[in-house]
Each structure stands twice: as structure tokens, then as C-alpha cells.
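Novice: Provided below for reference: sequence and predicted model.
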Amino acid sequence: MTHTDIAHAHPAHSHSIHAGYSFRGRRDHAHLSGVFLIDNSHIHARHVAEAAFNPAVRIELSAEAIELIGLSRDVVDQAIVSGRKIYGLNTLLGSGRDTVVEDESILTHQIQVVRYHDSGVGEYLSPTEVRALILARLIGFSRGGSGVRTQTARLYQELLNRGVCPAVPREGSVGSSDLTQLAAVAAVAIGEGYVLRGDVLVPGAQALADAGLEPLHLDAGEALAMISANSYSIGSGALVLGRLLRLAELADVALALSLEATARYDGGGNLSPFSPVIQAAKAIDGQRRSAATVRWLLRGGWLEDARSEVSTQDPLSFRAAPQTHGAFREQLSALEAALEVELNGRGDNPLCDVESALMVSGGNFQPMQLALAFETTRIALAHVGIASERRIAKLYPPQRTIRQRNLEAARQPGLETQPRPQGQAGTDIQPGPRGEASPGLAVEDLPGLLWYSAAGLLAELKALAAPATLGAPTLSADVEDHSTMAPLALQQLERSVAAAEKLLTIEALTAAYLVLETGDATARDTAAATPARETPAGDQPAATGARETVAGDRRPLGKGTGAVVGHLADVLAQRLPAAALVQRARGELRVLLDTLDLEEGEETQ
């Protein structure tokens, strides 16, 4: 069979879906030294995601893990000898649960099980997602509940270490085991199926041979053990957790920038709701951490000073943001806990129980807790989006004032053009189309209707927050009459994260632009990215609608917000189209979040 070219293997967004991915904290395991060791200790979702994201990380099985896998296989061998009817071992599956498979057909039945379930559709998972899928299943083998042979576990280990990436369709699971995704991996393991090499499909047998691997010849019960798990939801769930944790930080950064902007234009920026006194009044750790992060970003800035003109209370999208962002952080903790329950538990059916030496039918393949964690996280994220869009709306009147000023300037004959240094953010007065003395309309760095784009993204977030798990169908002659729909809940969460990232980036860009227009961003703030903005002689720094600064007074930005404004000034100065601007700023903010060390702020404030 020849190689098959494909145009839909994994779309562009799949390549970049985990761009900028990283975790901070929990640096207490050998997983981060270039080797991910699967042993009998607790495995963290964060470490799984890091190992999946970095194909250079080698996967190792400890001697204890290999021993436990062997002991679980002994349970299967004893069950075969007993002659008892055991689901999936010597029976058909689903509605055929009571139909016995004759002894002479059991090994052939293993091939049939893999082929039957290899029925997924849609775009293929990205290599990172496939690696997370295989790693999650290998961890499941090591927990001692699956009953596979040690050579089967070793083959999965080598698929990871030798870069063999099965072509796994994204759609097909209803969340009662990710059967179709795992069957696509199992098909390659037995020398069938396909492997992705770039945008080319390579037959599984050839891919194994190229990697120096032999296909498996499955023993009794192994086919079901290879596919009866929720490894797609667990593995990709661990990946999206990384993006969500970064999103929590981005939300606090955008909020801090908006506080800087509203203080300069609307007399807002009251920091009392972020004080330790308020946070100590409720035992919500996520709220405390969010408020501490905002205070850390604003440290050393003008907003820390007592101002007689500051409003006694900002709108709730500002004032109650720690409560909203904190609740979101709490949901992330719940999601992380649910992922780790699945990673460290035994979700196999039937379950090979080493202690009792029995194979026991059950329902641990139904990851309801994880599915609901995906659901509630989307709802919490929608609330973060609601507050962000409302803050953007509060920052719209100053933008209108800037546009009015520019329109007036364009009507004034003889107004001299004030060119800006190259790469410096702000507003230029452009000459007329024929170069006549009358100037043209100023070119602004921020597209005027980004607020509308933000509103559209918020509508998407609200729609995606609708329940996914309640749409479970009834399958297999009404035997499988309930499902979790965890994969759909996960996929909607992935889309929500993408929408929220863009929404919060728009907020950050809007606030940074307005702060730059006041002239308060100093050389200290912009040194890392652009030259300091210059104000023409005789002009007031707050000439764009911001509250006036008394001569000699300074309104410095916070140390953290100043650094962010400096980086975004460079992006704004490029005057990119709106889509490219938001995309570029998203990337810049990802990099910046790595350097700001916001976790330090959570602990020190």
C-alpha cells in the first residue's frame, strides 16, 4: 500500500493549540528531568501534559510498575483457566454481553474488537494530543487494573519514545470509554491502522517496521483492555488544564491593565476590593490569589497612592473581579483533582483486582466527575468573559474621544504633522492624499470596533457554556443507556479557551492603548520593547480625554503593568490588521507571562 496524502490531518489550529504551553510549580518529580518515570507514586496531570508536549522526554516504566502489570495479567490467566463467563474475556461486548465466545475464537476475537471499534471520524488529533492519549493509557496499564501483558505496555512505551504517532480521529466517543480513539492506537499496535507523518498517512505495519518495532499478537482480553479507558479525555484534559491555568493569569493581567486605564479616564481604579482584609474575610484561596496577583502587578504605581478623586466603588466588573476570577481558579483546582483521580485510578471494565485475584465487572469507565468538571469550568470561564467584556465597554468612551480629537485635527488647515519614531505606539497625523498642506486623518494603533469582536466572542462563550453531558444517546440495544459525553464537554472547553484568550487579549490591548495615549508610560515601562513615547512641546499628556495631570505630578504605572504595556506598545505600533494584532498580542502575552513570575506575586502580596 502506498502512502496516502491527506489535507485534513490536523488543521492549523491543532498545530498551535498548545502554543506557549508551560506549567509552573510542583517541580518535585523526576518527570521534569528529561525522563517521565511511571512508577507507583501519585502522577500529576501537569507532569503528564509536560511530557506529552515535549517529545524529547523519554517515558520509562519502573520495576514496580512492570511487576504490577504482570500481576494483573496473572489475574486474567487465572480467570481463563477457571472457565467462568467474564465480560469481554470470553463474551461479546455491549448488547452481546451474554453471548459466549468459544475458546478457539478468543484470539481472533481480539482482532475483531480492535477493527470494530476503529470507527472514529473527523479531523485527526495533533501529535501532542496523540502523545497525551497514549501516555494516559500507558499510565492506566501501570495501575494494575487492565490485565495486559508487559510486552503490550512496553510497545505503548516505545510508540512514545520512538515518535510513532497513530492517526486518531477526534470524534467518535460518547464518554463511556474513548473507544474509537483508543482503537485507532490499538490498530497501529497490531500492525494495522495508520500513522501520521506530517500530512501523510503511513500504514501502521510500515511505521512500526521503520521504528524497529514488531506488531503485537494480542492475547485473551487484551483488545478490550487497550480500548476500555478514557485516555483521550484524560490526556487532552491535562493539556487544556495548562492553557486554563495560564488563562487565569491572563485574566488578572487584563484586569490590572483596565484598572490603570479607568483610573486615568474615569476616576476609577479603587484598590480596596483587592486588599488582604477583604480576601481574608472569605476562605476562598483562588480569590485571594487573584487579588494578590493584581496587587503585585500594580505595585509601585500610582494606583497604590491614596487619591481623593477616586470613586468610592468601581463597577462590579472591576470591584468583584477577584470573586469571579477566584471562582474560576477554584474550578480549575477541581478539574485538576478530577483529572488526577482518573490518572491514578483504575477505570477498566472488567477490573483486574490483584488483591482478590478476581476480574470484576463495573462502571469505572464512566468518568462523570471529570465530565462535570469540564462543564463547570466552561461556565466559570463564561463569567470571566462577561466581566472582561463589560470592562472593555467601560473603556470605549475614551476611545471615542480620541477619534473625535483626530477628526477635529484633520479639519484644521496648516496643522503640522508630528511623526513618531519608528516602532513607537500612538497616533500619527498623516498627510493628505496628494501631499498638500492640509493633513489627513490620523491613523490609530487600535482598531476601533474591537469591542464588537469582544462581544461576539462573549456570545460564543455563553453558547459553549451550555451543557454537553445531558445530550447522551442510548446505545447498544438500550444496554448502554447513559453516557457522560466527556469528550464533547472537553472539546467545547477547548473552544471556550480559544475564545476567552482572544477576548482577554482584546481587553489588554484596549487598556494598554489608552494608557499609552495618556503619556504616562515611561521609558522604564517601554524600554524592553519600544522607545519612550514623546509628547510634543506644549501638549498636555492627557489631551485625549484622560483626567488631567497636575504639573510636576507623576502617575507611574505599576511595575508589572508597566512591563506589559511596554510589550504591547511594540505590538500596537506595528498597526496590524485586527485579526493579526490580536493573534500577535496573544503570543506576546504568553511569552510575557513566563517572565513575570505571577506565582511569586500570589505568595508575596
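Specialist: Everything's here; your move.
Novice: now do the longest helix along the chain: distance to the chain's middle.
Specialist: Identified as the longest helix of the chain according to DSSP state H is helix 231-265. Between the centre of helix 231-265 and the centre of its chain there are 9 Å (Cα atoms, centre = their mean, to the nearest Å).
Novice: next structured bit after that helix?
Specialist: helix 276-280 (DSSP states H and E).
Novice: other SSEs contacting that following helix?
Specialist: Contact partners of helix 276-280 among helices and strands, from 3 or more Cβ pairs under 8 Å, 6 or more residues apart in numbering; DSSP states H and E: helix 285-298. To be clear about C-beta, it is placed using only N, CA and C from the backbone, and glycine gets the same treatment.
Novice: and the helices in the stretch 51-200 of the chain?
Specialist: Remark: helices assigned in the stretch 51-200 of the chain by DSSP state H, counting those that start in this stretch are 63-82, 106-117, 127-142, 150-161, 179-189.
Novice: and of those, who's closest to residue 444?
Specialist: Checking the helices of the stretch 51-200 of the chain against residue 444 by Cβ to Cβ gives helix 127-142 as the closest, at 38.2 Å.
Novice: helix 231-265 and that closest one, what's the angle between them?
Specialist: Calculated by axes from the mean of the first three to the mean of the last three Cα atoms, to 10 degrees, helix 127-142 forms an angle of 130 degrees with helix 231-265.
Novice: next, the angle from helix 127-142 to helix 63-82.
Specialist: 60 degrees.
Novice: name the residues of stretch 151-160 that are buried.
Specialist: Using 16 or more other Cβ atoms under 10 Å as the burial criterion, the residues of stretch 151-160 that qualify are 152-160.
Novice: CSV for these, including distance to residue 119?
Specialist: Converted to CSV, those look like this (distance: Cβ to Cβ, whole Å):
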residue, distance to residue 119
152, 22
153, 25
154, 27
155, 22
156, 21
157, 26
158, 26
159, 21
160, 24
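Novice: what's the closest of the residues you listed to residue 371?
Specialist: Residue 371 lies nearest to residue 156 out of the buried residues of stretch 151-160, by Cβ to Cβ, at 24.7 Å.
Novice: can you give me the strands in the stretch 351-500 of the chain?
Specialist: Counting by DSSP state E, counting those that start in this stretch, the stretch 351-500 of the chain has strands at residues 351-353, 358-360, 427-428, 443-444.
Novice: quick one on the thing from earlier: please identify the deepest-packed of the helices of the stretch 51-200 of the chain.
Specialist: helix 179-189 (a mean of 28; mean count of other Cβ atoms under 10 Å).
Novice: so what's residue 192 up against?
Specialist: Counting by Cβ atoms under 8 Å, 6 or more residues apart in numbering, residue 192 makes contact with 114-115, 118, 204-205.
Novice: hmm, 6 Å instead?
Specialist: Shown in contact with residue 192 (Cβ atoms under 6 Å, 6 or more residues apart in numbering): residue 204.
Novice: do you know how far it is from residue 223?
Specialist: 12 Å (Cβ to Cβ, to the nearest Å).
Novice: how far is stretch 569-588 from where the chain is centred?
Specialist: Its chain's C-alpha centre and that of stretch 569-588 lie 21 Å apart, by Cα atoms, centre = their mean.
Novice: buried sites along that stretch?
Specialist: By 16+ other Cβ under 10 Å, the buried positions in stretch 569-588 come out as 569-573, 576, 581-586, 588.
Novice: dump those residues to a markdown table, plus pLDDT.
Specialist: Shown next, in a markdown table, are the buried residues of stretch 569-588 (pLDDT from 0 to 100):
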| residue | pLDDT |
| --- | --- |
| 569 | 96 |
| 570 | 94 |
| 571 | 96 |
| 572 | 96 |
| 573 | 95 |
| 576 | 95 |
| 581 | 97 |
| 582 | 97 |
| 583 | 97 |
| 584 | 97 |
| 585 | 97 |
| 586 | 97 |
| 588 | 95 |
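Novice: pLDDT below threshold where in the stretch 1-150 of the chain?
Specialist: 1-33 (pLDDT under 70).
Novice: hmm, residue 512 is touching residue 565, no?
Specialist: Yes. With contacts counted by Cβ atoms under 6 Å, residue 512 reaches residue 565, the gap being 4.7 Å.
Novice: of the strands of the stretch 351-500 of the chain, which stretch is the most buried?
Specialist: Greatest burial across the strands of the stretch 351-500 of the chain, using mean count of other Cβ under 10 Å, falls to strand 351-353, with a mean of 22.
Novice: who touches that strand?
Specialist: For strand 351-353, using Cβ under 6 Å, 6+ apart, the contacting residues are 72, 75, 145, 147, 359-360, 362.
Novice: which one of those residues is nearest residue 299?
Specialist: residue 145 (49.8 Å).
Novice: that closest one and residue 346 touch, don't they?
Specialist: Yes. Look at residue 145 against residue 346 with Cβ under 6 Å: they come within range, at 3.0 Å.
Novice: and these two? which has more neighbours close in?
Specialist: More neighbours surround residue 145 than the other of residue 145 and residue 346, with 25 against 19 (other Cβ atoms under 10 Å).
Novice: contact partners for that one?
Specialist: 346, 348, 351-352.
Novice: ok, those residues vs residue 184, which is closest?
Specialist: Nearest member of the contacts of residue 145 to residue 184, counting by Cβ to Cβ, is residue 348, at 18.9 Å.
Novice: in a markdown table: the helices of the stretch 51-200 of the chain, plus distance to residue 273.
Specialist: Output for the helices of the stretch 51-200 of the chain, formatted as a markdown table (distance: least, Cβ to Cβ, whole Å):
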| stretch | distance to residue 273 |
| --- | --- |
| helix 63-82 | 49 |
| helix 106-117 | 53 |
| helix 127-142 | 39 |
| helix 150-161 | 47 |
| helix 179-189 | 45 |
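Novice: for residue 234, which of the ones you listed is the nearest?
Specialist: Residue 234 sits nearest to helix 127-142 of all the helices of the stretch 51-200 of the chain, at 4.4 Å, using Cβ to Cβ.
Novice: contacting residues around that closest one?
Specialist: With Cβ under 6 Å, 6+ apart, helix 127-142 has contacts from 18, 38, 43, 52-53, 65, 69, 148, 153, 156, 159-160, 165, 168, 185, 229, 231-232, 234-236, 239, 343.
Novice: go again using 7 Å as the cut-off
Specialist: 18, 38, 43, 48-49, 51-53, 55, 59, 61, 65, 68-69, 125, 146, 148, 153, 156-157, 159-160, 165-166, 168, 181-182, 185, 229, 231-232, 234-236, 238-239, 343, 347 (Cβ atoms under 7 Å, 6 or more residues apart in numbering).
Novice: those residues, buried ones only, as a PyMOL selection?
Specialist: Restricted to buried positions by 16+ other Cβ under 10 Å, the PyMOL selection for these reads:
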select buried, resi 18+38+43+48+49+51+52+53+59+61+65+68+69+125+146+148+153+156+157+159+160+165+166+168+181+182+185+229+231+232+234+235+236+238+239+343+347
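Novice: state the distance from the closest residue to residue 160 other than its chain neighbours to residue 112.
Specialist: Spatially, and ignoring its direct neighbours in sequence, residue 160 is nearest to residue 59 (4.7 Å; Cβ to Cβ, 6 or more residues apart in numbering). Distance of residue 59 to residue 112, computed by Cβ to Cβ: 30 Å.
Novice: for the residue nearest to residue 160, give the beta-bridge partners.
Specialist: residue 36 (DSSP bridges).
Novice: thank you kindly, that will do.
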